[in-house]
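S.K.: My questions are about this predicted structure, shown below with the sequence.
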Amino acid sequence: MIGCGVGKHHNTNKGILKNRTVRINIPSADMLEKTDYCGLVSGKDTDKSGMLDIFCGGPGRPASMIREYPPLPGYRLVNTVECPTNNFSTSETVASNTKEIYLTNGHPDSKKMNLLLLTMPDNRYTGVSVSTWVMPGRQGKTLNNDIISFRL
């Protein structure tokens, strides 16, 4: 499971509540500049659609994914707690997707992905390295050309 807080005024929050699904697009270090820009500039005021290759996971998976980002975990919304300025959503992992270049022995390899996380309130990007996020014996299938989907 994962939890994330999103400002009530963000379109992302509205999409989570409407679709009851969440995609956490985790960038690699080489996507830092574009990621930071997209996080700072509102889609209400600026068309950011040409900056990244965005697609949806198909029927029943309305949440957007960013093709350039290495891991693309998908979550089913379990609960939302309303706070004064944010909603905190807890979600259950239902699928994970990645490109074949980020696999080692058929499993996602975070070291190859070179992942970043933005922490708050210090507003710093931090590198992340974990050994694996798919259990042995789980099989992947191709989703949207070069994206591999893993059922958990």
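M.R.: Okay, I see it. Numbering: from 1, shown residues only.
S.K.: tell me the contacts of Glu68?
M.R.: Met31, Leu52, Asp53 (Cβ atoms under 8 Å, 6 or more residues apart in numbering). Yep, even glycine has a C-beta here, placed from its N, CA and C like the rest.
S.K.: Then Thr80?
M.R.: Residues in contact with Thr80 (Cβ under 8 Å, 6+ apart) are Ile16, Leu17, Asn87, Phe88, Ser89, Thr90.
S.K.: now with 7 Å?
M.R.: Counting by Cβ atoms under 7 Å, 6 or more residues apart in numbering, Thr80 touches Leu17, Asn87, Ser89.
S.K.: any chance of these in CSV, plus secondary structure, neighbour count and distance to Gly7?
M.R.: Output for the contacts of Thr80, formatted as CSV (DSSP: H, G, I helix; E, B strand; the rest coil; neighbours: other Cβ atoms under 10 Å; distance: Cβ to Cβ, whole Å):
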residue, secondary structure, neighbour count, distance to Gly7
Leu17, helix, 14, 13
Asn87, strand, 18, 8
Ser89, strand, 21, 12
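S.K.: and Gly39, how many residues sit next to it?
M.R.: Number of residues near Gly39 (other Cβ atoms under 10 Å) recorded here: 11.
S.K.: which regions of the protein lie under the pLDDT threshold?
M.R.: Applying pLDDT under 70 to the chain flags the ranges 57-63, 72, 129-152.
S.K.: Where do the strands of it begin and end?
M.R.: Chain-ordered strands for the chain, with DSSP state E as the definition, fall at 2-7, 21-23, 54-56, 64-66, 74-82, 86-99, 103-104, 107-108, 115-119, 124-128, 140-143, 147-151.
S.K.: just the buried members of the contacts of Glu68?
M.R.: Met31, Leu52 (16 or more other Cβ atoms under 10 Å).
S.K.: So which of the contacts of Glu68 is the closest to Pro108?
M.R.: Lowest distance from Pro108 to the contacts of Glu68 (Cβ to Cβ) belongs to Met31, with 16.7 Å.
S.K.: ok, the residue nearest to the closest one when sequence neighbours are not counted to Asn25 distance?
M.R.: Spatial nearest neighbour of Met31, excluding adjacent residues (Cβ to Cβ, 6 or more residues apart in numbering): Glu68 at 6.0 Å. Glu68 sits 9 Å away from Asn25, going by Cβ to Cβ, to the nearest Å.
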